[in-house]
Every structure is written in C-alpha cells, then in structure tokens.
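Novice: give me a 3D structure for the following:
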Amino acid sequence: MIRAFEAGIAIGIVAPLIGMFLVVRRYSLMADTLAHVSFAGVAVGLLLKINPIFSAIGLSVIAGFGIEYLRNSRRIFGESVLAIFLSGSLAIAVIILSLAKGFNANLFSYLFGSISTVTTTDLVVIITLATIVFLDVVFLYKELFFTSFDTELAEASGLPVRMINLTMITLAAVAVAISIRIVGVLLIGALMVIPVISAMQYGRGFRFTLILSVIFSLVSVILGLFASYYYNLASGGAIVVVAIVIFLLSLTTARK
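Specialist: Residues are numbered from 1 along each chain as shown. Reported below is the predicted structural model:
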C-alpha cells in the first residue's frame, strides 16, 4: 500500500502536467492511443519476460514518432492517424496474448491497475522516470506553452517546433507507461485529461489551471487508492471514478 501511494503520487503529478498540453492542443485522444500502444508493449514485455514498463515505453515512443510523422505529412488527418494506431496496437496486443500462454492471469492488473502488483523495482522505475518527465516539463515550460497555443507563430519565431513536438510525445509515452501499474492501460488517458478539464472550468490562467489540475489529480489518486484498498476494487477504476466526481463538482462550483 505504501509503495502504491508513493507511485500514485508521482503519477498524479506527472499525468496532468502532460495532459494539460495535450488538451490545449486538442490532442486528448493521443493519451488513449499511447495507452493502447503501451498495452501492446506490455504484451511484448510479458512474452519476452522483460519489465513491461520498458517495453511499453519503447513501443509507445516509436508509435508516437510514427504518429507525428504521418500527421506532419498531411496525407492523413490527425484523428485518423490516432484511430489507426489505437485499433492496430490493440489488435497486435490481442494476437500476442492469444499466441502466448501462461500470463493471462496478470492481464487484469495491467488493464485496470492494481495496488498489489507494485514492486520495489517498479517503484524505483516509476519515481525515476516521473522525476525526469517533471524536470523536462519545468525546463521546457515556455517552449511547450508557446507551441501548444500557436504552432505557426512559434515556428516563425525560430523555435524547433518539430523537436519540441517529438519531445512532448516522448514525455507523454513515458507518463502513460509508468502509470500502467496503478491506473491501468485502459484508464490512464482519463487521468491525464479529466483533471485538466475539471480545472479548466474555472476559467483562470494557464499556470493556475495547471496547478489546479495537479491538485485534482492527486486527490483522485489518493482517494481512489484508499477505496481500492478498503473495498478491494481495481485501483484505476476507483481513481477515475473519483476524478469524474471532481469534474461534476467543478461544473457546479464553477457556475456559481
């Protein structure tokens, strides 16, 4: 439980930090797409008997670069590219899981999260990678902010927009992969997006919204883990349900 809380707090900080920039870019579906790609990465990791977090990161980064390349080529619309990768990666994961026998019992914890599966090694990996993502966001905050709101102006100002976009996708892939143990593959997209949307209801500045989204995310993670522990629930589902409740409350209080 203590390991789950430590990992959950790290994820609760990182997920909305990345989700904020994805939502502002109107690229919220990217989180779900990378989550499904990471599911295929988990299947590969289980098949090859390596840490699923690393295989999920590797496959997610490769897929993210592919998505960005196809999107910039303008031959396929951005939403269509995401749909192709989302459904394709899920199909690959199902095929791998059907071919390989013997680890289907662990599948539920990867899909929906489980506090009992967080090992000491997982905790070290999660906190280390979460710290790297956090420091990258802090260091590149102005560039990420600029390119998220006006890509053309940022490019005209001399910023390496393509490199910044690739960095953003890499950070998103890492954030998704490290969240597998706690939130689960199928629900991490919700944790990256819902707290951000909840914070946006108050119509304040970007930095205030970013901080408020992190607070909402941490509350969702902490209360969700408590509910998961005491009522024997899937941790990812409990966390997302709390996040949805916070969103509904934000709609009411923001109007007032």
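Novice: contacts only, for the most centrally placed residue in the chain.
Specialist: Nearest to the geometric centre of the chain sits V176, at 3.5 Å (CA atoms, centre = their mean). Residues in contact with V176, defined by CB atoms under 8 Å, 6 or more residues apart in numbering, are 31, 34-35, 38, 56, 60, 188-189, 192. Backbone N, C-alpha and C define where each C-beta goes, glycine included.
Novice: looking at those, which are in helices?
Specialist: 31, 34-35, 38, 56, 60, 188-189, 192 (DSSP state H).
Novice: among those residues, who's most crowded?
Specialist: Within the ones in helices among the contacts of V176, neighbour counts (other CB atoms under 10 Å) peak at L34, which reaches 35 neighbours.
Novice: any idea how far I18 is from that residue?
Specialist: The gap separating L34 from I18 is 10 Å, by CB to CB, to the nearest Å.
Novice: now do the shared contacts for these two.
Specialist: A172.
Novice: what packs against the top helix by length along the chain?
Specialist: Counting residues, the longest helix in the chain under DSSP H turns out to be helix 206-231. Applying 3 or more CB pairs under 8 Å, 6 or more residues apart in numbering; DSSP states H and E, we find helix 206-231 packed against helix 2-24, helix 188-200, helix 235-255.
Novice: out of these, nearest to S89?
Specialist: Of all the helices and strands packed on helix 206-231, it is helix 188-200 that lies closest to S89, at 13.2 Å by CB to CB.
Novice: the inter-axis angle of the closest one versus helix 2-24?
Specialist: Here the directions of helix 188-200 and helix 2-24 differ by 70 degrees (axes from the mean of the first three to the mean of the last three CA atoms, to 10 degrees).
Novice: quick one: work out the angle between helix 188-200 and helix 206-231.
Specialist: Using the same axes, to 10 degrees, helix 188-200 lies at 130 degrees relative to helix 206-231.
Novice: hmm, who's touching helix 188-200?
Specialist: Contacts of helix 188-200 (CB under 8 Å, 6+ apart): 11-12, 15-16, 18-20, 22-23, 28-29, 31-32, 35, 172, 175-176, 179-180, 183, 209-210, 212-214, 216-217, 220-221, 236, 239-240, 243-244, 246-247, 250.
Novice: write the ChimeraX selection for whichever of the residues you listed are buried.
Specialist: Here is the ChimeraX command that picks out the buried ones among the contacts of helix 188-200, judged by 16 or more other CB atoms under 10 Å:
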select :11,12,15,16,18,19,20,22,23,28,29,31,32,35,172,175,176,179,180,183,209,210,212,213,214,216,217,220,221,236,239,240,243,246,247,250
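Novice: next one: phi and psi at S179?
Specialist: phi -90, psi 0 (degrees, to the nearest 10).
Novice: and it, how far from A156?
Specialist: 35 Å.
Novice: ok, now R3?
Specialist: 47 Å.
Novice: can you check G41 too?
Specialist: Look at G41 and A156: by CB to CB, they are 37 Å apart.
Novice: for G45, same thing?
Specialist: As judged by CB to CB, G45 and A156 stand 42 Å apart.
Novice: so which of these two has more stuff around it?
Specialist: In this view G45 and A156 are compared by other CB under 10 Å, and G45 has more residues nearby, 23 against 10.
Novice: now the helix or strand that contains that one, how far from the centre of its chain.
Specialist: Per DSSP states H and E, G45 falls inside helix 29-48. Chain-centre distance of helix 29-48: 11 Å, with CA atoms, centre = their mean, to the nearest Å.
Novice: and stretch 47-59, by the same measure?
Specialist: The chain centroid and the centroid of stretch 47-59 are separated by 16 Å under CA atoms, centre = their mean.
Novice: buried set for that stretch?
Specialist: Under 16+ other CB under 10 Å, the buried positions of stretch 47-59 are 47, 52-53, 55-59.
Novice: for the stretch 101-250 of the chain, give me the ranges with low pLDDT.
Specialist: For the stretch 101-250 of the chain, the stretches with pLDDT under 70 are 101-106.
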